[in-house]
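Chemist: Quick check, what structure comes out for this input:
(2 chains)
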Amino acid sequence: MDFQQYQREFTAHIRDPRNVSRPKGVPARLMKVYNGLLYNNMEGFLLSCFPVCRKILGKRRWDRVVRAFFRDHVSHTPYFRQIPEEFLKYLQAEWEHPDDIPAFLPELAHYEWVELELDTSDRDTNLPAHDPTGDLLAERPLLNPVSRVLAYRWPVHRLSPRFKPSEAPTQPTFALAFRDADMHVRFILINSASARLLNLVQDNPDATGREIVTLLAQEMALSPDVLLGFAHSLMQGFLAQGAILGVRV
Amino acid sequence: MTHPRLSGAGLGFRRDLIPALKSGVPEAIDFFELAPENWIDLGGRYARDLRQFTERHPFVCHGLSLSLGGLTPLDEVLLRKIKAFMAEHRISLYTEHLSYCSDHGHLYDLLPIPPTEEAVKYVAARIRRVQDILEQKIAIENASYYVAAPIGEMDEPTFINAVLQEADCWLHLDVNNIYVNSVNFKFDPVDYLRRMPAERIVYMHMAGHYQEAPDLIIDTHGADVIDPVWQLLDTAYGLLGVHPTCLERDFNIPPLQVLMQEVARIAEIQSNRLKQIERAA
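Modeler: The predicted model follows:
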């Protein structure tokens, strides 16, 4: 249909004003209004989620990345708060990484996005029945569903305009992010064993704390007895902070 | 035509306003309006807060992402989410813009549908489908725009009336958008109002805008309402009847008490008009 052909030309130009000409008969001055409004609107949503990425890239390089995203990415979510997630997917899967942009950008963007995702998540709507006072070793610990165990090659928590490493360190960075009972998102740096323990809790909902520790001990080629005390106090700490909610009943 | 229950003056419900609203919802606010796309599947503190307000105050859903004039099939997943959201929060009215906001993907802003015969049929069929899924009538809002499609076959009031009749839906009349378009495209806003079908109006919108040049206004919802738009609202009430009216403010949001001056002014214009009508009767 003619009107749809016109709409296609109109939006193709908005996505890429430099390379795609505007529909015939549309005044340049008015077309520019749309080009600016739509790009700035999209950029605004990204800016509020990725302030550190923006600061590290500076305006020129940031605009180049956002422009490429706006031009090339096909976003199917009708929800505005998910635009940053679309950007993240783009960085991870579609983007051709230019040489002058730090290699850590996709990981940093992920780290920044986690805060938004946990702040607005509804994964705690139908919580499994649980007892916050139960025995974490004898029973099955319940991880807060509004949490993420994070592993990065880059020290994402330290990146800034003054710290932009070009080589990833040998040690990865592990963190636990979760939304606490007061609905605030918190980040805790953890070591690899703690990260693995939390992953095992997440992946084995039917295992008791003791069984989880046995699994972890096997992976680390240690005796479970050596780990039991460490694992118990770790889980107690997570419980106190709200990253573990208790035990399943 | 039975309209949903709605009255008086309303305010756009935004996260930024929640702290102030928690310490008391001003009397002058008769209803709130929200964009369902910002609240569907939302968890955390804002979702908890929203429930407290929808339990106590009337709300209207004013959508942003349905893309009634869009190129791809209607997003029925979104529609079913909207339906469930409205049931959950007991919201009885849903309105959308007479515009499109996507091509093969979402663009997250409103674009003008070229006013052609084909477009009327296409959009009206989509609105009817929406009404079938929601099992209720919706209202469409006259949008602001900056480019008149060279392939257009009719003026804006003709286009709107044709869609309303073909889809048999309600009208959500944005008074500021009429003013914005009247400056951008040099037409008489009062003549435009006269051509709107009063019996289809469910509610009205008021907002501020940004005057970029003498002949170009951008519909930002980021400033105070200007006097000519207040006058146009009064004229609209005179010509089309006093309808519930909501103030939209999406950027540069001032403290609630400052916004309330504009909500109160809507209520005042409504009450003056109603008194006139009583005296005349």
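
Chemist: Give me every residue in the stretch 151-281 of chain B lying close to chain A.
Modeler: B:Ile151, B:Glu212, B:Leu216, B:Ile218 (Cβ under 8 Å from any Cβ of the partner chain). (Each C-beta comes from the backbone N, C-alpha and C, glycine too.)

Chemist: Residues contacting stretch B:142-150, please?
Modeler: A:3, A:6, A:10, A:23-27, A:30-31, A:33-34, B:97-99, B:110-112, B:114-115, B:156, B:160, B:171-174, B:176-178, B:180-181, B:184-185, B:209, B:216, B:218-219 (Cβ atoms under 8 Å, 6 or more residues apart in numbering or on different chains).

Chemist: What about those, which are in helices?
Modeler: A:3, A:6, A:10, A:30-31, A:33-34, B:156, B:160, B:176-178, B:180-181, B:184 (DSSP state H).

Chemist: residue contacts, residue 166?
Modeler: Answering for chain A, as no chain was given. A:Pro102, A:Ala103.

Chemist: Actually, chain B is the one I wanted.
Modeler: By Cβ under 8 Å, 6+ apart, the neighbours of B:Glu166 are B:Val120, B:Lys121, B:Ala124.

Chemist: and it, what element?
Modeler: helix B:156-167 (DSSP states H and E).

Chemist: tell me the angle of that helix relative to helix B:175-184?
Modeler: Per axes from the mean of the first three to the mean of the last three Cα atoms, to 10 degrees, the angle that helix B:156-167 makes with helix B:175-184 is 140 degrees.

Chemist: which parts of helix B:156-167 are buried?
Modeler: Using 16 or more other Cβ atoms under 10 Å in any protein chain shown as the burial criterion, the residues of helix B:156-167 that qualify are B:Glu156, B:Pro157, B:Phe159, B:Ile160, B:Asn161, B:Ala162, B:Val163, B:Leu164, B:Glu166, B:Ala167.

Chemist: what mean pLDDT does it have?
Modeler: The pLDDT scores in helix B:156-167 average 98.

Chemist: How about stretch B:187-205?
Modeler: Averaged across stretch B:187-205, pLDDT comes to 98.

Chemist: hang on, B:Lys275 is in a helix, isn't it?
Modeler: Yes: counting by DSSP: H, G, I helix; E, B strand; the rest coil, B:Lys275 falls inside a helix.

Chemist: and it, how many residues sit next to it?
Modeler: Number of residues near B:Lys275 (other Cβ atoms under 10 Å in any protein chain shown) recorded here: 10.

Chemist: could you measure it against chain A, distance?
Modeler: 41 Å (Cβ to the nearest Cβ, to the nearest Å).

Chemist: OK, contacts around that residue?
Modeler: Per Cβ under 8 Å, 6+ apart, neighbours of B:Lys275: none.

Chemist: swap in the one 3 residues further on?
Modeler: Residues in contact with B:Glu278 (Cβ under 8 Å, 6+ apart): none are found.

Chemist: Can you tell me the element it falls in?
Modeler: Going by DSSP H and E, B:Glu278 is in helix B:256-280.

Chemist: Just the pLDDT at residue 124, thanks.
Modeler: Picked chain A for this. 95.

Chemist: Chain B, not that one
Modeler: 98.

Chemist: Please apply the same query to B:Pro4.
Modeler: 65.

Chemist: what are the ranges of the strands in the chain?
Modeler: Reading this off chain A. A:130-131, A:141-143, A:147-152, A:173-179, A:185-190, A:244-248 (DSSP state E).

Chemist: Wait, chain B was what I had in mind.
Modeler: Ranges of strands within chain B are B:9-12, B:31-34, B:59-62, B:94-97, B:100-102, B:106-111, B:139-141, B:170-174, B:201-207, B:210-213, B:216-218, B:245-248, based on DSSP E.

Chemist: Go through those strands and name the closest to A:Arg148.
Modeler: strand B:106-111 (25.5 Å; Cβ to Cβ).

Chemist: The closest one pairs with which strands?
Modeler: strand B:100-102 (antiparallel) (DSSP bridges).

Chemist: picking that back up, could you single out the nearest of the ones in helices among the contacts of stretch B:142-150 to B:Glu199?
Modeler: Checking the ones in helices among the contacts of stretch B:142-150 one by one against B:Glu199 (Cβ to Cβ), the nearest turns out to be B:Ile160, at 14.0 Å.

Chemist: ok, the nearest residue to that closest one once chain neighbours are set aside to chain A distance?
Modeler: Excluding its sequence neighbours, the residue lying closest to B:Ile160 (Cβ to Cβ, 6 or more residues apart in numbering or on different chains) is B:Asn142, at 5.8 Å. Per Cβ to the nearest Cβ, B:Asn142 is found 18 Å from chain A.

Chemist: Then B:Arg273?
Modeler: From B:Arg273 to chain A the distance is 34 Å (Cβ to the nearest Cβ).

Chemist: The residue of the stretch 101-250 of chain B found nearest chain A and B:Glu156: what is the separation?
Modeler: Residue of the stretch 101-250 of chain B nearest chain A, by Cβ to the nearest Cβ: B:Pro150 (3.2 Å). Distance from B:Pro150 to B:Glu156, counting by Cβ to Cβ, to the nearest Å: 15 Å.
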